[in-house]
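Colleague: sequence plus the predicted model coming up.
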Amino acid sequence: MKSSKSKAALCSTAMLAMLASPITSAQEAPEADDTEVIEISGIRASLTSALMEKREATNLVEIIQADDVGKLPDQNLAEVLENITGIQITRTAGIGTGVQIRGTSANRVEINGVSTVGAGSGRSGISFEDVNASIISSVEVTKAPDAKTIEGSVGGTVNLRTIRPLELSETLGQVRVQLEDSSLSSESATPRFSGAFGDNWESDAGKFGFVISGSYTEQEAVSFRPRTDRDNLVNVDGVPEYQGIQFLVQEQENDDYETLNIATTFEWAPNDDLKFHFDAIINDQERSRDSYRLQASGISNLRTVAIPSDFETVNYGTVNGTNIGSKQAAVRGNLEPVFDGSVNPSDGNLRFSSDTNARVTKSEVFILGGEWQGENLKVSAEISSSSSDSSTPNLSTTVNFINPNAPLVVEVRNDSNSRIGRVPLMDGIVTVADAAASLDGGNAGNSYIYNDNATPFTYDLTGGTLAFGINFNSPYAPSVADLTNPANMALDQVIVENNTNENSEDAFRVDFEYFVDALEFIDTVDFGFRYNKSQHTFQDIGDNIGGFSRMPDSPNGSMFADLLVPGPSNYGDADGRDLFIANFLLLDPEQSFSDRQGVIDKLQAAVVAHDANPDILNVRASNSAFRDISEETTALYAQANFELNDMIRGNIGVRYIETEVDSTGYGPNETLETTSGSYDFLLPRLNLVITPHDDVVVRMGYGTDVRRPGFNQLASGYSLDTSENSAVSLGNPGLEPEEVDSFDISVEWYFAEAAVASIGYFKKDRTNIFGVDFEGAALSPNGEGGFNRETDASCPGGGFYNPIVVPNVLGNPERLGLCVDKSTPGNDPDTTTQTGIEMAFQYDLSSFEDDLGWASGFGMLANYTIQEYKGGSVEDCTSGRGENVLGPDVCIDRGLLDFSENAYNFTVYYEKFGLSARMRYTWREAFRTQDFGGGANTSGSSTLSFPVVTADRGQLNASVTYDVNEQLNIGIEAVNLTEERIDQYCVAENALLCFVGLPDRRVTLGASYKF
């Protein structure tokens, strides 16, 4: 005979069924017609349903239910998750892309309980920006796993649940149309369409159900990111030592998303004991980036002559016991070219870089399963297949601005064509011969006369603006017409790429639930088996034209003038700044996307026409970067579910996993080689729920989990870049999984209907945590106030020899190849411990309608998380210019990146009379990260050797919708209402401001209609 459930579970099931039904009906008594039927829907219904599901769960879970079909609290899934206590997010160009659960991004993402795979090399699963929230009915976050929970998460497992057709109480039919506008975009609003249809029906063959939901979304997100490098000390007689300007960047990120999502489910229940289901979730997305960087390059040569007019005091304080104290840094001044007749004049260079790249991803999840309920046994089985195929087409160009108002320069070379020096044609130097004679041992050889790309700049970093622009008061200043004349441009470099990632996971699982009658305190016993095979293949495909070290080698912009268009002129819109570069030319992004090959052909033709021995593009796969990784895992689990006296319930179990890994790549002899390994773990898990009072729930949980390395971390290959500041990232096939021991305890007080106050404590001990072992390439003084890197292929001073680097300021531009920084993943043998306290509060005034009237529609949610970590043995220490500024052997514990010690959310909502309004303020404390301005790095330059610190930041989102009638709803939603900026500091918070992010405000108007 089937075992009966507990009273609490039966009550929960009944209440959930009532809440899931959009209409509550009365079936008794004749007087039912005179009874007022109250329909609970919208925000309050979703919160009540989610809270009830959380209350009755055996382990610690958090639930977010959609207010209506396709209507989660936010339109971005990462931002949806931000509503949950213990979760913070990171954003790319203002769009939520990364999710940290309890301080870590090492989490799992599932759809309907099935693993998903990502577009890159990570192991967390599908990216949140790839899935439109409109196809998701609810989100479940498991913080404390049981033995049935699939391994692989540190912070938690996110399960995205779609609509189940057999649970529908009436025919589902709805469409929604929206328009979204970005405050920083120069383009028109972008559309969104979504809809759903579903129904179920009875027949002689049983009950059938079908549902399909889909969405098509276009979205544009814009963010401005100014950057200033002040990473070198300047010593000039009569001026106190200060950190001078090394590099200035004006950057815009413009991300366009075009996403198609379809989720469909078919269910069939032949009888009450048997049910089958088939799910298909298909996601098609192109995320294209049209961004630009305006760079003030080469200005490091002006450090000793362009003395700032104003300085600021930067207080680094004490870093891990080393008292760095305060230093002066340049904050306002001019960077004027110096043409005094000397050899190798000093000047700044203006460069325009245009990046038109994309990630084109198609991901699919297919699930076929069924379940059978016998007398004492329930059996469920499922076969699933998840895949994600991505390509990353990239066409990036850099052009140099040639200032026609700067003096002509003679580049003097000897008979072997090596450059001796550069001399301006002024102060008695009027011919090539004069220039050669001014150089010791010089001759007229293969010398050239050309306009220099010298540009006068002015900068004002006060008020945190990191602003710079053209100094139009300089006698060398170009005009606006000069800045937008293709004849004043010279092609520097073209990068063409189309890397591919192919990821898949095929899995089979069978689960058994046995109802125990013999033991009073054991309700059921669960046990099961799961097998999965994961595959990852990566190809680095690309080549570049140029990286021209000599100005005469660079094709003039007039040769490809039809590809150059004016860049955006609205950089001041984000913060009202006046100082920026508003007039410049970029490679046309529309042509780059619509006719990529045609654009490449025109640029190649310009190179061929300009040079007798042209650089010919040869796009090909790089053997050194190829990786093919296969992983097979077998898992077994057993779990006892117990209940004592209606007061104590829970489960105790163990999960055993065994994994085999094969990592294939090209070896030194250009032959494919495979490195194999295996590991196994026994993962005990316990969850206990105590109900000392009807309204109080106490939870305790203990569990062990593992986190597998990313596929790129297991690779034996590597990719190379032409930039001298790009580090080479190596893999480590011997990297071991991270082990995580977690403990949770919490108290939940359900003091009123749909209300809760809770507090919880968690602790995570993490062993073998993944880190990156960094080795900087040696920097040696070049005698001119700068540094050079080694060119010895053995790199005796450290680093990795990159033969395709085009030296800029760290080497001789006449020859390719330099030693560059390198990084290698490794395991930290010491244990890192995370602890935290999570507090949450939820309440509404609906029960006071008689007393408050219209005001009873108000409700609120709030949560606060306090975290800290300690332990670990790995440190980051100063090198290169970081050592020059801060001193040698200044080290900072690596710890955890993207980890905020304090964070909170506060939501106020109102729902009454068809009006539904919600406002949420989210705040997180400062955290260390490696997500910062383009082109910068954490080696001995740019960030002074350390990850940057993103300062405290809050964000305000709001939405309002109104039910015009039972079918039609209209609404408006705003994200980042106050356009909060993102400040990033080098070394420590409020020390040296290095990067600023200025994201947009996005406003969405829409309407939905129910059939």
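Modeller: Received it, and whenever you're ready, just let me know what you need.

Colleague: pull the number of nearby residues for Lys870.
Modeller: When neighbours are defined as other Cβ atoms under 10 Å, Lys870 has 11 of them. All C-beta atoms are positioned from the backbone trio N, CA, C, and that covers glycine.

Colleague: quick one: the helices in the stretch 451-600 of the chain?
Modeller: 480-483, 589-594, 596-610 (DSSP state H, counting those that start in this stretch).

Colleague: what is the shortest one packed up against?
Modeller: To tie it back to what came earlier, the one meant is helix 480-483. For helix 480-483, there is no helix or strand it packs on, judged by 3 or more Cβ pairs under 8 Å, 6 or more residues apart in numbering; DSSP states H and E.

Colleague: just the CA atoms of it, as CSV, please.
Modeller: What follows is helix 480-483, C-alpha atoms only, in CSV (Å, rounded to 0.1, in the frame of the first residue of the first chain):
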residue,chain,number,x,y,z
VAL,A,480,38.1,69.2,-36.5
ALA,A,481,38.4,68.8,-40.2
ASP,A,482,41.9,67.3,-39.8
LEU,A,483,40.6,64.7,-37.3
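
Colleague: what residues of it count as buried?
Modeller: For helix 480-483, a neighbour-count test (16 or more other Cβ atoms under 10 Å) marks 482-483 as buried.

Colleague: same check, this time on the longest one
Modeller: For helix 596-610, the neighbour count (16+ other Cβ under 10 Å) marks 596, 599-600, 602-604, 606-607, 610 as buried.

Colleague: what's the single longest strand found in the chain packed up against?
Modeller: Longest strand in the chain by number of residues, with DSSP state E as the criterion: strand 489-515. Judged by 3+ Cβ pairs under 8 Å, 6+ apart, the packing partners of strand 489-515 are strand 114-115, strand 349-373, strand 377-401, strand 522-539, strand 541-546, helix 596-610.

Colleague: again, 7 Å this time
Modeller: Counting contacts by 3 or more Cβ pairs under 7 Å, 6 or more residues apart in numbering; DSSP states H and E, strand 489-515 packs against strand 377-401, strand 522-539, strand 541-546, helix 596-610.

Colleague: and the angle for that strand with helix 596-610?
Modeller: Counting by axes from the mean of the first three to the mean of the last three Cα atoms, to 10 degrees, strand 489-515 lies at 150 degrees to helix 596-610.

Colleague: let me see the mean pLDDT of strand 489-515.
Modeller: Taken as a whole, strand 489-515 carries a mean pLDDT of 95.

Colleague: out of the helices of the stretch 451-600 of the chain, which gets nearest to Ile982?
Modeller: Minimum separation from Ile982 across the helices of the stretch 451-600 of the chain (Cβ to Cβ) falls at helix 589-594, 24.2 Å.

Colleague: and that closest one, what does it pack onto?
Modeller: Packed against helix 589-594 by the contact rule (3+ Cβ pairs under 7 Å, 6+ apart) you find strand 349-373.

Colleague: which elements pack onto the strand it packs on?
Modeller: Secondary-structure packing of strand 349-373 (3+ Cβ pairs under 7 Å, 6+ apart): strand 274-297, strand 377-401, strand 585-587, helix 589-594.

Colleague: try it again at 8 Å.
Modeller: Secondary-structure packing of strand 349-373 (3+ Cβ pairs under 8 Å, 6+ apart): strand 274-297, strand 377-401, strand 489-515, strand 585-587, helix 589-594.

Colleague: the helices in the stretch 701-850 of the chain, which residues?
Modeller: 849-852.

Colleague: ok, back up a step: of the buried residues of helix 596-610, closest to Thr961?
Modeller: Set against Thr961, the nearest of these by Cβ to Cβ is Arg596 (41.0 Å).

Colleague: thinking that closest one is in contact with Leu395, fair?
Modeller: Yes: at 5.7 Å, Arg596 counts as touching Leu395 under the criterion of Cβ atoms under 8 Å.

Colleague: check what pLDDT Lys482 gets.
Modeller: Let me fix one detail, which is that residue 482 is Asp and not Lys. Note for Asp482: predicted pLDDT of 95.

Colleague: equivalent analysis for the one 3 residues further on, please.
Modeller: What the model reports as pLDDT for Asn485 is 95.

Colleague: pull the number of nearby residues for it.
Modeller: When neighbours are counted by other Cβ under 10 Å, Asn485 registers 19.

Colleague: what's the answer for Asp272, then?
Modeller: With neighbours defined by other Cβ under 10 Å, the count for Asp272 comes to 9.

Colleague: Glu738 too?
Modeller: Residues near Glu738, counting by other Cβ under 10 Å: 20.

Colleague: enumerate every residue touching it.
Modeller: By Cβ atoms under 8 Å, 6 or more residues apart in numbering, the contact list for Glu738 reads 106, 154, 706-707, 766-770, 827.

Colleague: can you select the buried ones among the residues you listed for me in PyMOL?
Modeller: Buried subset of the contacts of Glu738, written as a PyMOL selection, criterion 16+ other Cβ under 10 Å:
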select buried, resi 106+154+706+707+766+767+768+769+770+827
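
Colleague: will you turn the contacts of Glu738 into TSV that also has pLDDT and distance to Asn334?
Modeller: Below are these laid out as TSV (pLDDT from 0 to 100; distance: Cβ to Cβ, whole Å):
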residue	pLDDT	distance to Asn334
Ala106	90	47
Val154	93	50
Val706	96	57
Arg707	94	51
Arg766	92	50
Thr767	91	54
Asn768	89	52
Ile769	86	47
Phe770	82	46
Asn827	84	50
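
Colleague: buried residues, the longest strand of the chain. List them.
Modeller: Within strand 489-515, the residues that count as buried by 16+ other Cβ under 10 Å are 489-499, 501-507, 509, 511-515.

Colleague: stretch 388-408 now?
Modeller: 388-403, 405-407.

Colleague: okay, and for the chain, where does confidence drop off?
Modeller: 1-41, 340-345, 413-420, 426-433, 435-451, 549-550, 783-786, 934, 937-941 (pLDDT under 70).

Colleague: cutoff 50 now
Modeller: 1-40 (pLDDT under 50).

Colleague: right, so of the helices and strands packed on strand 349-373, which gets closest to Val696?
Modeller: strand 489-515 (28.6 Å).

Colleague: isn't Val158 up against Glu110?
Modeller: Yes: between Val158 and Glu110 there is a contact under Cβ under 8 Å: 6.9 Å.

Colleague: what touches both of those two?
Modeller: Residues touching both Val158 and Glu110 by Cβ under 8 Å, 6+ apart: Gly125.

Colleague: between those two, who's got more neighbours?
Modeller: A count of neighbours by other Cβ under 10 Å puts Val158 above the other of Val158 and Glu110, at 28 against 23.

Colleague: before we move on, which element is the more buried one in?
Modeller: strand 157-161 (DSSP states H and E).

Colleague: any idea what Asn556 is bridged to?
Modeller: With DSSP bridges as the criterion, Asn556 is bridged to Ala490.

Colleague: rewinding a little: just checking: what are the partner strands of the next helix or strand after the strand holding Val158?
Modeller: Proceeding N to C from strand 157-161, the next assigned helix or strand is strand 172-182, under DSSP H and E. Strand pairing for strand 172-182, using DSSP bridges, gives strand 190-203 (antiparallel), strand 1002-1010 (antiparallel).

Colleague: point out the most buried one among these.
Modeller: The highest average neighbour count among those, using mean count of other Cβ atoms under 10 Å, belongs to strand 1002-1010 at a mean of 19.
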